[in-house]
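> Build the 3D model from these lines:
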Amino acid sequence: MKRRDGFLLLLALCPLVLLLCVWWQLRLPVAPFFLAPMMDLDGCLLARQPTPVAGHAPWLNRCSGPNASAAHLVESTLQALQPDQARAHSWQLGYTLKVSLLALLQPDQNNWRVNLEVIDKLVQTIQDNPRPLILYLFSTHFGVDAPIEPVLAQNPDNLGQTPAGPLPIDRYYGQAVYPWSVARTDNDITRYRAQVIEALLHKLCQLPANERSRIKGVTLLGEVHHLFPDFESGMGFDKPYSVTDYSATSVADFRQYLRARYPGIEALNQQLGSQYASFDSIMPPAKDIRRQPLARFEEHLDAYADGHLPISGWVHVQGAPAVVKVYLNGAWVADAPVHLGRQDVRAAHPEFSTADVGWRHDLDFSKLAPGVYRIDLTLSQPGHKLLNLGTRAISVMDKQQSAPLAVPSVALPDRQPLPSNLLAAIDEPRDGASYFFNPLAVEWQSFRAAQVLRYLQFFNSLVARSCLADIARYTHQIVPQFNPSWDSGKYAAQATLQPTKDWRTGISLYGETTYGRSIPDWFAQSPRASYGVTEFHPLVPLTAEHLGQVINRHRSGGAAFLSFFVETRWQGQKVNATPNLFSFDPDNAQFGSDQLYAGIKKLLSNQRYQQ
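Numbers count the residues shown, from 1 in each chain. Presented below is the predicted three-dimensional model:
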C-alpha cells in the first residue's frame, strides 16, 4: 500500500517538475543573434588629409585628423535601416567591419610598411560606435586597388601555378582577380597579410575590455581556395582541366604528404597499382589521357579522375516536390531532389520565376568494373507516374584503354514520355563519354584541400595567440558543392568546411542556400554547434514575413550572426560612386535587393517577426 501511495505521489509531482524545468529553461539567457550588414568604408578609412572645404563631401571631415574614424558612416547607414534604433529586440543590429589588409600597406623606400594611421582609424571606429561588430580580416583573390598588389603579382612565389606556370591576373565582372597562392605560407603575400593583422591585433589589445568586447566574431581572410583559369566562367566541367598548385614547393610538399600517409613506397604502389621507385619520382597528376601522351597512367587528371561522376541537370516542374531517380543499368542508385539553384537557367528562362530547378547526384564509379554502362533518369512526383528524362551511355575505362564491353542490365520500371510543356535538360554526363579512375588523383585532390586548410590555420593561429583568442573565429567560405554545374574539386575548399575545434564555420550563401533546404540538410549530416552567415544573398525578392522566417531558421539552426552588403549612406545619400551589385539598397532593383532592404527594415521595426 505504501509503495502504491508513493507511486501516486510521484505521478502528482510530474507536472510540477515539468513546469519547473520549463521555467528554468526560460530563465536561461538566450544567445544573442546579430544582423551584421557590411558596408564599404574604405573611402573614409583610407582618406589621408582633409579635403578642401569648397565642394567636398561633409562626411569626410571626420575621416582625417586626430581621433578620425568611420563610426559616423556606420551609424548613419544603420540608422537608415533601423530609424527607431530599437536595441531591445531579440535581433541585435550591428555591423561587419571589413579590413582590406593589402590596402593598409604603403611604400617605404624599398619595402612596404603598415599604415598605422588607418589602423588607428579602424580601432577608433570600434571605440566611437557602441554597436556589436564582426571583424572581417579581408584579403582574397579579389583586388582592392592596393598599390602593393601589382608588385606582389610580379613574384611567381606569390601566385598559384598550373602545369603551364603561374596563373595570370584575371577579371571577375570587371574586378581584378589576383591568383594568390595558398600552397605556401613563407611567401611575401602571406608575410604582408600577417604584418597587417598583427599590427591591428596589437592596437586592438590596447582597448579597454568593455570596448574590445564589442567584437563578437572574427572572420578570416574571406574566400580561400585554389584557383583555375578563366575564373569568371571556368568553374564548370566543359573546359580543359587545369588547377593549381604545381609550383616546386607544392610538388615537394605533395611527396612529403604521401610519405606521411604511407609507411613506404611499396605500400603506395600497392594502393595505386603503380611502380614508382621512390617518393621523389612521383609527380602530381596533370595530364588528360584523352589529349596528352602519358609516361605512366598515374599522370592522368581531369574533373572525374578521383572516381566521382556528376550526374546533373535541371527541370522546371510545378506542384509537389520532385526528385530525379537515377538508375545504373536498370538498378536504382539514388534520388536527386530538384531544388538546387541554377542562376544560369533562370537567366535563360526568366518565365520560370525561379532558379531552384537544379538537381545532381555524384556517382562513385571508382569500384565499377570496366565496361559500358547505361544511366537512366526519371522524374518522380507523388501521385504521378514516372516521366522519362533521358538515357546516357558511359564507358568506364581501364588503364590500358581497352575497348569496353556492355555490362548487362535489368528492366527499368514503367515510364511515361516527358510532356512537351515540361522543360528539362541533362548536363552531365555527356552521352558516350569515357571515364578513367586514377587513385593518385584521389591523393592529389585531398592534398590540395589540405593546402587550403593549412593556409587558413596559419592565419587562425595569429588571432588565437592574441587577446582576441576567446572571441569566436569564423571562416568566410563559399560552398561550391551546392551549385550543381560547378566542379567543386577545382576549389579544393572541402576540408575548411568541416567541423573543427579551431574555428566555427562561416559561409557565404547565394540563392537557394539562403532560404532552401541545402544548408539544413548538410548540417544534419555534418552537425556543428554554431555557424555564421558571412554573406547572405537570396538573389530573389522575399516578403518581410518570408525573409523573417528564413533568418529565424538560420538562427534556430545555430547561426550566431548574418551579414549582407549595404550601401554606405551619410544622411540618406550614398557615399560610394560605384555600388555593390549585391547590396541590399532601396536604389538597387537587381536580384530584388530593394525589396530585401525594405524587408530587413520592416523586420527590425517589428518585434513579432523576431522569434
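> For residue 193, give its distance to residue 112.
Using Cβ to Cβ, to the nearest Å, we find residue 193 at a distance of 12 Å from residue 112. C-beta here means a position set from N, CA and C on the backbone, and glycine is covered the same way.
> That should have said residue 477, apologies.
28 Å.
> neighbour count winner among those two?
residue 477 (25 against 22; other Cβ atoms under 10 Å).
> Break this protein down into its domains, please.
33-235+453-609, 248-303, 308-436 (automatic domain parsing).
> deepest of these, which one?
domain 33-235+453-609 (a mean of 18; mean count of other Cβ atoms under 10 Å).
> Low-confidence stretches in the protein?
Applying pLDDT under 70 to the chain flags the ranges 1-31, 49-56, 85-89, 607-611.
> tell me the centre residue of it?
In the chain, the centroid-proximal residue (Cα atoms, centre = their mean) is residue 478; its distance is 1.0 Å.
> contacting residues for it?
Residue 478 makes contact with 223, 225, 491, 493, 507, 508 under the criterion Cβ atoms under 8 Å, 6 or more residues apart in numbering.
> re earlier: turn the domains of the chain into a markdown table, including distance to residue 242.
Converted to a markdown table, those look like this (distance: least, Cβ to Cβ, whole Å):
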| stretch | distance to residue 242 |
| --- | --- |
| domain 33-235+453-609 | 5 |
| domain 248-303 | 9 |
| domain 308-436 | 17 |
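> Relative to residue 241, which of these is closest?
With Cβ to Cβ, the closest approach to residue 241 among the domains of the chain belongs to domain 248-303: 4.5 Å.
> end to end, how far does that closest one reach?
23 Å (Cα to Cα, to the nearest Å).
> same check, this time on stretch 472-482
Using Cα to Cα, the two ends of stretch 472-482 sit 26 Å apart.
> Can you give the distance of that stretch from its chain's centre?
Stretch 472-482 sits 4 Å away from the centroid of its parent chain (Cα atoms, centre = their mean, to the nearest Å).
> just the helices in the stretch 151-300 of the chain please.
Per DSSP state H, counting those that start in this stretch, the stretch 151-300 of the chain has helices spanning 188-204, 209-212, 248-261, 265-272. These are given in chain order.
> and residue 132, which of those is closest to it?
Closest among these, using Cβ to Cβ: helix 209-212, at 11.6 Å.
> helices or strands up against that closest one?
helix 116-128 (3 or more Cβ pairs under 8 Å, 6 or more residues apart in numbering; DSSP states H and E).
> how far off helix 188-204 does the helix it packs on point, in degrees?
Angle, helix 116-128 to helix 188-204, by axes from the mean of the first three to the mean of the last three Cα atoms, to 10 degrees: 50 degrees.
> Would you list the strands that the next helix or strand after helix 116-128 pairs with, along with their directions?
Going down the chain from helix 116-128, the next helix or strand is strand 133-138, by DSSP states H and E. In the sheet, strand 133-138 lines up against strand 95-100 (parallel), strand 215-221 (parallel) (DSSP bridges).
> what's the closest of those strands to residue 68?
Between the strands paired with strand 133-138, strand 95-100 lies closest to residue 68; by Cβ to Cβ that is 15.0 Å.
> tell me how far whichever helix or strand comes after the closest one is from the chain's mean position?
Tracing the chain C-terminally past strand 95-100 and defining elements by DSSP H and E, one meets strand 105-108 next. A distance of 31 Å separates the centroid of the chain from that of strand 105-108, by Cα atoms, centre = their mean.
> which strands and helices sit next to strand 105-108?
Counting by 3+ Cβ pairs under 8 Å, 6+ apart, strand 105-108 packs on strand 111-114, helix 188-204.
> out of these, nearest to residue 91?
helix 188-204 (25.6 Å).
> on that earlier part again, would you mind saying which of the helices of the stretch 151-300 of the chain lies nearest residue 295?
It's helix 265-272; of the helices of the stretch 151-300 of the chain, that one is closest to residue 295 (Cβ to Cβ) at 14.7 Å.
> Run through who's touching the closest one.
So helix 265-272 is contacted by 258, 261, 262, 274, 275, 276, 277, 278, 279, 298, 439, 440 (Cβ under 8 Å, 6+ apart).
> which residues in the stretch 451-600 of the chain form strands?
473-474, 477-478, 505-510, 531-537, 559-562, 569-570, 573-574 (DSSP state E, counting those that start in this stretch).
> Specify the beta-bridge partners of residue 175.
With DSSP bridges as the rule, residue 175 is bridged to residue 172.
> That one against residue 141, yeah?
No. The pair residue 175 and residue 141 does not pass the contact test of Cβ atoms under 8 Å, sitting 9.9 Å apart.
> With adjacent residues omitted, what lies nearest to residue 201?
residue 466 (4.3 Å; Cβ to Cβ, 6 or more residues apart in numbering).
> if I pick the one you found, what's in contact with it?
Counting by Cβ under 8 Å, 6+ apart, residue 466 has contacts 201, 204, 205.
> Could I get the CA-only coordinates of the helix or strand containing residue 359 as CSV?
Using DSSP H and E, the element containing residue 359 is strand 358-364. Extracted in CSV, the C-alpha atoms of strand 358-364 (Å, rounded to 0.1, in the frame of the first residue of the first chain):
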residue,chain,number,x,y,z
GLY,A,358,18.7,22.1,-60.4
TRP,A,359,19.5,18.5,-59.4
ARG,A,360,22.7,16.5,-59.0
HIS,A,361,24.0,13.1,-57.9
ASP,A,362,27.7,12.3,-57.7
LEU,A,363,28.2,8.7,-58.8
ASP,A,364,31.2,6.9,-57.3
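> what angle separates whatever helix or strand comes next after that strand from strand 358-364?
Per DSSP H and E, the first helix or strand lying C-terminal to strand 358-364 is strand 371-380. Strand 371-380 and strand 358-364 are oriented at 150 degrees to each other (the same axes, to 10 degrees).
> Wait, residue 594 touches residue 587, no?
Yes. Contact criterion Cβ under 8 Å: residue 594 and residue 587 qualify, at 6.9 Å.
> Need the residues touching each of these two.
Common neighbours of residue 594 and residue 587 (Cβ under 8 Å, 6+ apart) do not exist.
> circling back to that earlier point, I'd like the contacts of helix 265-272 laid out as JSON lines, including distance to residue 146.
Below are those laid out as JSON lines (distance: Cβ to Cβ, whole Å):
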{"residue": "258", "distance to residue 146": "37"}
{"residue": "261", "distance to residue 146": "39"}
{"residue": "262", "distance to residue 146": "43"}
{"residue": "274", "distance to residue 146": "45"}
{"residue": "275", "distance to residue 146": "49"}
{"residue": "276", "distance to residue 146": "44"}
{"residue": "277", "distance to residue 146": "47"}
{"residue": "278", "distance to residue 146": "44"}
{"residue": "279", "distance to residue 146": "40"}
{"residue": "298", "distance to residue 146": "41"}
{"residue": "439", "distance to residue 146": "42"}
{"residue": "440", "distance to residue 146": "39"}
